[in-house]
Every structure is written in C-alpha cells, then in structure tokens.
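Enquirer: Here is a sequence together with a model predicted from it:
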Amino acid sequence: MNPRIKIEPDGQRIAHCDHFVVRSAFQPVISVAHQRVVGYEGLARVTNNAGEVVSPADLFNSVFDIESLVAVDRVCREIHLGNFAHADLSPRWLFLNVHPMVAMHGHQFGAFFAQILQQLKIDGWQVVIEIVEAELPDELLLNDAIALYRSLGCLVALDDFGVGGSQFTRLWRIDADIVKLDRSLILEAEQSVRAQRTLPSLVAMIHEAGSLVLQEGIETSRQLELALSAGVDLLQGFGLARPALIAQDEPFNRDFLSAGLAASTLEADRVDNLLHQQIMSVTERFEDMLVALERNVPLEVAAQAILSMKMVARVFVLDGDGRQQGDTVNGIFAPSSIKNRFRPLAKAKGASWAKRPYFRRAMIEPGIVQISRPYLSVAGGNLCRTISYARPHVPHHGIKVVCCDINWTDL
C-alpha cells in the first residue's frame, strides 16, 4: 500500500489509501476546572471508493504486512497533525492514537515523527501519544515506545485503562502524564453502587501516581455526574461534543457541562448534610461514653447507650501503640460474627490497628473526634466508618484511643 496525502481547497489534508479515503475528525477534550476545550483527539473518518462510511478497522485490517501497517498508521497521524497545525489553536493538546504494532516496530522503518513535527512547526508538548498498554504485552517494547515519544517532548497517555489486560504495575512504572479511563468503568458505575463508591478512590490513586485522569465516553447526564463526583480532571464524549472539524469557536455542550457541575455539587451537599446529621447523632453519645470512661466506668457499661443505636456496630479501645485492649464490645445491631466470612479475624484482643487511618489521625490530633472514610470491617464483614478519639492525658500504655464502628450504607 502506498498512501498519498492531498490538500483540499479549504486547506484540509486527506489521505488516499488504495480503496479508502481518510479524513480527520477531532473530538474536544474539556478541562473540568477551566470549563473549556484544552485539547482534541484526532480520529480517522474513513470512506471506501463508493463513498460509504466504514470503520477505521476496515482500513487497518486491509493490510497484511508490517510495512503497510506502519505506512497507514503514519499517514493517519500526519493528516491529523497537518489539520491541527492548519487550525492554529495553540496552546492546546492533540491526542494521537498509535497502533500497538507500530508503537513496537515502527522504528525499523526510519525516522518519521520528529521530522513531521519539525516540518509542521508543532512543539512536542502539544502532542499526547495514546498507548493502549493492554495491547503491548512486552514490557521492554512498551518502555522503548514511550521513551521515543518522550525524547521528542510529547506527553504520554495510557488509553482504555481499566479494561482487558490493564496492569496497575505499569501505571506505577510508566509515569503516564494522563490516564484515560475506559468507558466501561463509567457504564459500570451507572449500574453498580460498589463501582460508584470505588471510582473516586481509583481516580485518587491515579492522581497519587502523578497522572491526570480523563474520563472518556461521557454520553448521559448521570455519567457526567459520576465522573465529576469521582474527581476526574478531563472529560470527553458524545454528550459534550461529537468528533468534527476543528472550529475556532470551540463548540461543545456548555449547558450539559454546567448542568452536570450543578447536579454533582447538589449531590455532594446532600450527602455531606446527611453524613453530618447521622454522625452528629452518634457523636453526642460517643462523647457521653468518653465522659463515663474518664470516671473509670467499665467500657461495657459506658457504651450501653451508644450501642443501642441502630447505626452503631461495636466499640473497642487501643493503647498508644494501636494495640487493642480487651475484647470488642458489640452492639445489638452489629452484624453477626457467626455469619461473618472473616470469622478467623473476629477475635481482636491484642490485635494491632496501628496502621489504620482512624488510629493515626486520632493520635495526630488528640482531643478531637475523628471520622474515617468507609472501609470493610473484618470484625463484621460489612462496610463501616470508625469514630475515634485519642485521650490527651492518658498514659501511652493505657486506654489511649477510643473507637466506635458505625454500620455504613451508601447515602
């Protein structure tokens, strides 16, 4: 195959690849914080000789040798780069997909990308190379491909993360600038409470790994709200803007984004208010229990009132090293340990909870009641939050931290 590029009267580049014609379409990438377009993904729009729209896969599946595959992949990237440069919309990113086989073997067919960037006067930082890491099983080849583009100043994005063979170890090793969450994650979050609960943690983990997070495939208001609530940085999808020619006025559905931002803020406020109301009702009795403990009332007696509350599962106390003093005192609404799938972990006397956030936060801020994020309790096998309090004047080896587990369900 010998692809050829033609410049049309309007300045747009198109590619002729035997029985196919390839044109550029660009889908906007929107920053949540800035509420504007900060980049575009270059996408191939392919027609056959009859003028019928076909899938880009038909084009790539029509070649059977690596040399032709490299030629097709390169010509697609070249027209995207040329049309992006023609629009002159800097400073914005251009997201470019690279075929996995080309990423691994393209260097065998001579220099290409550096020359095109130089010819079109495009700086490396303007280009984000998307690599589907699940389709690059060879770690060395993956690293070589990334090093090549980084040497040109390009950014690297891991595409379709969360589907297929995605590996968290690669997320840590690659140090991607941007991680694009696959649409399947947001679809799952629409249907699953567990996915809704954990999506923000996934985003936070990627942030802690040093990458921005882009949620792709946003089509509905609910998907947008979930993505915003999860804390993603960038958005892409038909609900915001469909692929098209680059336009100077940067059209995208601002009303759709504004409505999503407003809805996610209202939902966050609702959850915060409910959480405050529920926690306050428990905290009052928790503080009563603390007063009783200061009078040396036994824990089983001091905790009677708080353990009668439906939300409360159990109370327990720790020394200054995080080691549990005595047995856990369960309330009447604690999940049955007999049915708990973590039965071998149920007996907690002497266990060390020193690494748990509720203990560490209490010790950092003694005298202040703390509340943890939801987590899985090994004592009851259910989601819980833990209220904790470090007693300022109690010796390190005594009952230093008082804890209360709250049965937790999503608000």
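Expert: Alright, I've got the coordinates.

Enquirer: what's the offset of stretch 102-118 from the middle of its chain?
Expert: Computed by Cα atoms, centre = their mean, to the nearest Å, the chain-centroid distance of stretch 102-118 equals 31 Å.

Enquirer: Same question for that stretch: list its buried residues.
Expert: Buried positions in stretch 102-118, judged by neighbour count with 16 or more other Cβ atoms under 10 Å: Val102, Ala103, Met104, His105, Gly106, Phe112, Phe113, Ile116, Leu117. To be clear about C-beta, it is placed using only N, CA and C from the backbone, and glycine gets the same treatment.

Enquirer: which regions of the chain lie under the pLDDT threshold?
Expert: Applying pLDDT under 70 to the chain picks out residues 106-107, 110, 133-138, 164-167, 247-250, 336-340, 410-411.

Enquirer: Checking Tyr389 next. Helix, strand or coil?
Expert: strand (DSSP: H, G, I helix; E, B strand; the rest coil).

Enquirer: Can you tell me which of the buried residues of stretch 102-118 is nearest Glu52?
Expert: The closest of those to Glu52 turns out to be Val102 (Cβ to Cβ; 26.1 Å).

Enquirer: any idea how far Asp177 is from the closest one?
Expert: As judged by Cβ to Cβ, to the nearest Å, Val102 and Asp177 stand 20 Å apart.

Enquirer: With Pro374 instead?
Expert: As defined by Cβ to Cβ, Pro374 lies at a distance of 31 Å from Asp177.

Enquirer: okay, the two: which has more neighbours?
Expert: Taking neighbours as other Cβ atoms under 10 Å, Pro374 and Asp177 compare with Asp177 leading, 18 against 14.

Enquirer: can I assume the more buried one is in contact with Gly153?
Expert: No - Asp177 lies out of contact with Gly153 (Cβ atoms under 8 Å); the separation is 11.4 Å.

Enquirer: and the buried residues of stretch 102-118, which of them are in helices?
Expert: Of the buried residues of stretch 102-118, the ones assigned to helices by DSSP state H are Val102, Ala103, Met104, His105, Phe113, Ile116, Leu117.

Enquirer: Which of the residues you listed sits closest to Val394?
Expert: The closest of these, once distances to Val394 are taken by Cβ to Cβ, is Ala103, at 60.0 Å.

Enquirer: secondary structure class for the residue nearest to the closest one when sequence neighbours are not counted?
Expert: Leaving aside its sequence neighbours, Ala103 sits nearest to Ala145 (Cβ to Cβ, 6 or more residues apart in numbering; 4.1 Å). Under three-state DSSP, the three-state class of Ala145 is helix.

Enquirer: Can you name every helix or strand that the lengthiest helix in the chain contacts?
Expert: Across the chain, the longest stretch assigned as helix under DSSP H is helix 254-294. Counting contacts by 3 or more Cβ pairs under 8 Å, 6 or more residues apart in numbering; DSSP states H and E, helix 254-294 is packed against helix 221-230, helix 299-302, helix 304-307, strand 383-390, strand 401-407.
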